[in-house]
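1. The sequence and its predicted three-dimensional model are supplied below.
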Amino acid sequence: MPEFIRRLVPTLGRFRLLVQLLTLFLSVYGSLVVGSYAAEKISTALPALSCAYDKLNGGYCALVPFQHQMDHRVGAALARAQQVTAQVLIPLFITFATFLAFFFVLGKAFCAWVCPLGTVQEWLYRLGRRLGFGQTTVPAGRLRWLRPVKWLILLGLVFLLPLLAGLGYAPHSAGNPYCDICPSRIVTTLLSADTEELALRTGADGFSLGIGIIGNLLAGFIVAAALAVRQPFCRICPMLALNAVARHASLLRLSKTAHAKCDKCGICTKACPMDIPEIHHRHGRHAFNEDCTLCGRCAEFCPDDQVIHLKFGPFALFSSKRDYYKQRVRSETPEGQPKPIRIVRRTDRNHVA
């Protein structure tokens with residue numbers, strides 16, 4: 001089969017790219033579909049970083065209502081000590097239940113298939129490969145101390161600081177501190193040609209100015225780092241931590257069957273954009289820890305049949321195959337380095353000079 005035709009054969013990676021394109025449009029420009037003034041748009045509890053500051057988006061991520069409810073509902077209601085059940089527990093329960101309803105279907109695949117910031121980071125990494133930037137992986141030793149960061153951000157900036165703001169122990173501007181530093185606030189609003197979020201609030205209090213500076217610096221760092229490092233922000237993203245809390249409640253999951261070659265191979269870990277070392281030497285669900293985003297690259301690049309499976313409940317949606325692996329590595333290495341397209345000139349043997 002000619003090389004250009006082989007490249008047109010659908011792969012799991014190309015299908016995920018299609019989903020990313022559709023969901024990026026929906027999460028950044030979705031109001032063009034659902035309407036700019038739709039009360040709730042699609043949802044305010046998506047398990048992906050769909051930024052509320054983006055005026056054209058079609059839905060907000062769950063971190064937005066969590067912060068606002070911790071500030072305006074939980075903190076304020078505890079301070080007033082009135083109607084605790086109606087004003088605190090029910091709204092918080094509804095947000096979390098809605099999040100679980102989304103999560104039950106696709107689980108952490110929201111991170112790799114839907115999240116607009118994750119999609120932009122992946123494309124920046126591909127651009128870096130095309131431009132010849134060096135590739136940097138995160139060693140297993142650094143992963144051990146990097147993994148807790150997302151939990152600290154989730155607890156500190158999404159729950160604790162907004163709660164303290166609602167109780168009056170932190171400035172009012174601390175009501176949604178995570179959104180003020182989230183790179184998606186700047187990256188996705190820039191995609192909609194809105195530069196307002198780049199501006200620093202110099203006339204506000206010191207907390208707003210300081211956290212705005214941190215947010216701008218973080219967004220710039222993530223954009224630059226993504227050219228050389230796969231998914232740099234995903235490693236510390238509090239949404240990934242929140243998704244990890246409920247990862248066993250989802251129908252969609254990855255599973256790995258024990259195989260004699262696994263300890264010597266390690267290609268699955270090389271293909272993993274999160275550099276998860278456990279994939280190639282552990283089995284079952286234990287091969288996929290809290291950092292797994294269900295992108296499926298490990299299954300795509302596993303060189304043996306029926307070893308890694310992407311499952312929905314008891315059904316295998318995709319399983320590793322040697323033939324698929326051979327086809328996949330013709331266009332891209334496991335690390336994400338694209339291979340040049342070969343143009344083979346066919347010689348007409350019947351031609352007479």
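-> Thanks, I have it.

2. Report the contact partners of Leu218.
-> Residues near Leu218 by Cβ atoms under 8 Å, 6 or more residues apart in numbering: 181, 183. C-beta here means a position set from N, CA and C on the backbone, and glycine is covered the same way.

3. Per-residue pLDDT of it, please?
-> Looking at Leu218, its pLDDT reads 95.

4. Could you do the one 4 residues further on as well?
-> The model reports Ile222 with a pLDDT of 96.

5. Am I right that it is in contact with Cys182?
-> No. Ile222 is not in contact with Cys182 according to Cβ atoms under 8 Å; the separation is 10.0 Å.

6. higher neighbour count, the two?
-> Taking other Cβ atoms under 10 Å, Ile222 and Cys182 do not tie; Cys182 has more neighbours (29 against 23).

7. Quick check: the more buried one vs Ala241, distance?
-> As for Cys182, its distance to Ala241 is 14 Å (criterion: Cβ to Cβ, to the nearest Å).

8. show me where pLDDT drops low in this structure?
-> Scanning the chain for pLDDT under 70 picks out the ranges 1-8, 36-40, 81-85, 341-353.

9. Show me the domain layout of it.
-> The chain is divided into the following domains under automatic domain parsing: 3-243, 251-328.

10. Kindly state which of those domains is positioned closest to Gly336.
-> The closest of the domains of the chain to Gly336 is domain 3-243. By Cβ to Cβ, the value is 6.1 Å.

11. What separation do you get for Gln67 and Ile94?
-> Distance from Gln67 to Ile94, by Cβ to Cβ: 15 Å.

12. correction: His248
-> His248 sits 22 Å away from Ile94, going by Cβ to Cβ.

13. Between those two, which is the more surrounded one?
-> Neighbour comparison, His248 and Ile94: the larger count goes to Ile94, with 13 against 9 (by other Cβ under 10 Å).

14. Now the more buried one: which helix or strand?
-> helix 90-106 (DSSP states H and E).

15. Extract the CA atoms of that helix and return them as CSV.
-> C-alpha atoms of helix 90-106 as CSV (Å, rounded to 0.1, in the frame of the first residue of the first chain):
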residue,chain,number,x,y,z
ILE,A,90,-27.3,21.1,48.3
PRO,A,91,-25.5,23.4,45.8
LEU,A,92,-22.2,21.7,46.6
PHE,A,93,-23.8,18.3,46.2
ILE,A,94,-25.4,19.3,42.9
THR,A,95,-22.1,20.5,41.4
PHE,A,96,-20.2,17.4,42.5
ALA,A,97,-23.0,15.1,41.3
THR,A,98,-23.1,16.8,37.9
PHE,A,99,-19.3,16.4,37.7
LEU,A,100,-19.6,12.7,38.6
ALA,A,101,-22.3,12.2,36.0
PHE,A,102,-20.0,13.5,33.3
PHE,A,103,-17.1,11.6,34.7
PHE,A,104,-18.9,8.3,34.9
VAL,A,105,-19.1,8.2,31.1
LEU,A,106,-15.6,9.2,30.0
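
16. and that helix, how far out from the chain's middle?
-> The chain centre lies 18 Å from the centre of helix 90-106; the measure is Cα atoms, centre = their mean, to the nearest Å.

17. ok, now which ones touch the residue lying closest to Arg247 once chain neighbours are set aside?
-> Of all residues not flanking Arg247 in the chain, Lys108 sits nearest, at 5.8 Å (Cβ to Cβ, 6 or more residues apart in numbering). Contacts for Lys108 (Cβ under 8 Å, 6+ apart) come out as 240, 243-244, 247, 250, 292-294.

18. And Ser320, by the same measure?
-> Ser320 makes contact with 299-300, 302-309 under the criterion Cβ under 8 Å, 6+ apart.

19. Write a PyMOL command that selects only the buried members of those residues.
-> Selection of buried members from the contacts of Ser320 for PyMOL, criterion 16 or more other Cβ atoms under 10 Å:
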select buried, resi 299+300+302+303+304+307+308+309
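
20. State the pair within the contacts of Ser320 that is farthest apart.
-> Pairwise distances across the contacts of Ser320 peak at 15.1 Å for Pro303 and His309 (criterion: Cβ to Cβ).

21. Buried ones in whichever helix or strand Tyr125 is part of, by neighbour count?
-> Using DSSP H and E, Tyr125 maps to helix 116-130. The neighbour-count check on helix 116-130 (16+ other Cβ under 10 Å) flags 116-122, 124-126, 128-129 as buried.

22. Around Ala97, how many other residues sit close by?
-> Residue crowding around Ala97 was assessed by other Cβ under 10 Å; the count is 10.

23. where's it relative to Ala246, distance?
-> Distance from Ala97 to Ala246, counting by Cβ to Cβ: 11 Å.

24. that older thread, mind putting the contacts of Lys108 in a markdown table, distance to Pro340 and secondary structure included?
-> Shown next, in a markdown table, are those (distance: Cβ to Cβ, whole Å; DSSP: H, G, I helix; E, B strand; the rest coil):
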| residue | distance to Pro340 | secondary structure |
| --- | --- | --- |
| Leu240 | 34 | helix |
| Asn243 | 37 | helix |
| Ala244 | 38 | helix |
| Arg247 | 38 | helix |
| Ser250 | 39 | coil |
| Cys292 | 31 | coil |
| Thr293 | 28 | coil |
| Leu294 | 30 | coil |
